[in-house]
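Undergrad: 3D model of this:
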Amino acid sequence: MTNGKNLRLFGAIALVGMGTMLTGCKPDLPQANAQAMIQAKYDQMPAQSVSITVNQDALKAGAIAKYWTMSKLYPNKYWADFTLTPDGKKVVKLVNGSDVIQWRPDSLTDTKFTVVVMTVAANHLKIKDVKPLQDEGSGKSAEFTEAVNLEGVPAPLQDIAHTPGNKLSTKRQAEFVLVGGAWKLGSVN
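TA: Predicted structure coming up:
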């Protein structure tokens with residue numbers, strides 16, 4: 001009789017196990033683990049500088065912070081050249097490789113003109129705001145925010161980075177796949 005009970009118990013356990021396998025029950029993937037996997041992928045990529053769009057207000061803020069000084073004012077009174085200062089060269093570089101910002105708006109009232117500078121500090125993007133994971137067929141997916149990392153960037157330049165025209169974060173989606181019973185990051189879109 002004991003063998004019969006053991007046999008029935010073993011059969012019930014096997015049946016539950018087969019049912020779980022056939023219904024596609026997946027192991028849990030905690031949100032914190034998903035975020036850690038995404039961040040690990042970003043940490044493996046090369047660190048990058050941050051592109052900062054400099055508008056008229058940011059140009060003034062950079063001059064106040066002594067990142068650049070006006071080196072030439074043109075006869076039309078709204079074109080100017082701004083040369084990076086030694087302190088400025090420690091925190092920004094120009095996309096064209098020079099050390100002169102060529103400020104060339106269309107008119108004295110043109111507030112849409114911008115130039116782009118790059119941070120000297122290079123960092124890995126940061127992952128934040130991972131949304132709850134969703135089942136997607138045999139995998140899972142989660143939306144998250146990919147944000148630039150301004151560590152090592154002085155406060156005045158961080159303030160400039162937060163002026164209109166700068167995009168400091170992007171919404172992305174991560175896809176996770178089950179490989180050998182363990183969750184792996186498949187792709188980021």
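Undergrad: all contacts plus neighbour counts: C-alpha atoms, from now on.
TA: OK.
Undergrad: Just the strands from the protein, written as ranges.
TA: For the chain, strands defined by DSSP state E occupy the ranges 51-54, 68-73, 80-84, 92-94, 100-103, 115-119, 126-128, 134-136, 139-147, 169-179, 182-188.
Undergrad: Reformat those as TSV; add distance to residue 161.
TA: Below are these laid out as TSV (distance: least, Cα to Cα, whole Å):
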stretch	distance to residue 161
strand 51-54	6
strand 68-73	16
strand 80-84	17
strand 92-94	12
strand 100-103	17
strand 115-119	10
strand 126-128	16
strand 134-136	33
strand 139-147	12
strand 169-179	12
strand 182-188	25
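Undergrad: Report the beta-bridge partners for the closest residue to residue 161 other than its chain neighbours.
TA: In space, and not counting its chain neighbours, residue 161 is closest to residue 52: 5.5 Å by Cα to Cα, 6 or more residues apart in numbering. With DSSP bridges as the criterion, residue 52 is bridged to residue 117.
Undergrad: what residues are up against the nearest residue to residue 169 once chain neighbours are set aside?
TA: Spatial nearest neighbour of residue 169, excluding adjacent residues (Cα to Cα, 6+ apart): residue 147 at 4.2 Å. By Cα atoms under 8 Å, 6 or more residues apart in numbering, the contact set of residue 147 is 125, 126, 127, 128, 168, 169, 170.
Undergrad: now the second one, which residues is it bridged with?
TA: Partner residues in beta bridges with residue 126: residue 147, with DSSP bridges as the criterion.
Undergrad: if we can go back for a sec, let me have the strands of the chain in CSV, extended by mean pLDDT and distance to residue 159.
TA: Below are the strands of the chain laid out as CSV (pLDDT from 0 to 100; distance: least, Cα to Cα, whole Å):
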stretch, mean pLDDT, distance to residue 159
strand 51-54, 97, 10
strand 68-73, 98, 16
strand 80-84, 98, 18
strand 92-94, 97, 14
strand 100-103, 98, 19
strand 115-119, 98, 13
strand 126-128, 96, 18
strand 134-136, 94, 36
strand 139-147, 97, 16
strand 169-179, 97, 15
strand 182-188, 97, 29
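Undergrad: Would you mind telling me which of the ones you listed is nearest residue 43?
TA: strand 126-128 (8.6 Å; Cα to Cα).
Undergrad: what about the closest one, distance to the chain center?
TA: When C-alpha coordinates are averaged (Cα atoms, centre = their mean, to the nearest Å), strand 126-128 and its chain have centres 6 Å apart.
Undergrad: That strand - contacts with which helices or strands?
TA: Identification of packing neighbours for strand 126-128 by 3 or more Cα pairs under 8 Å, 6 or more residues apart in numbering; DSSP states H and E yields helix 31-44, strand 139-147.
Undergrad: Quick check: closest non-adjacent residue to residue 165.
TA: residue 53 (6.2 Å).
Undergrad: try residue 55
TA: Closest to residue 55 by Cα to Cα, 6+ apart is residue 114, at 4.6 Å.
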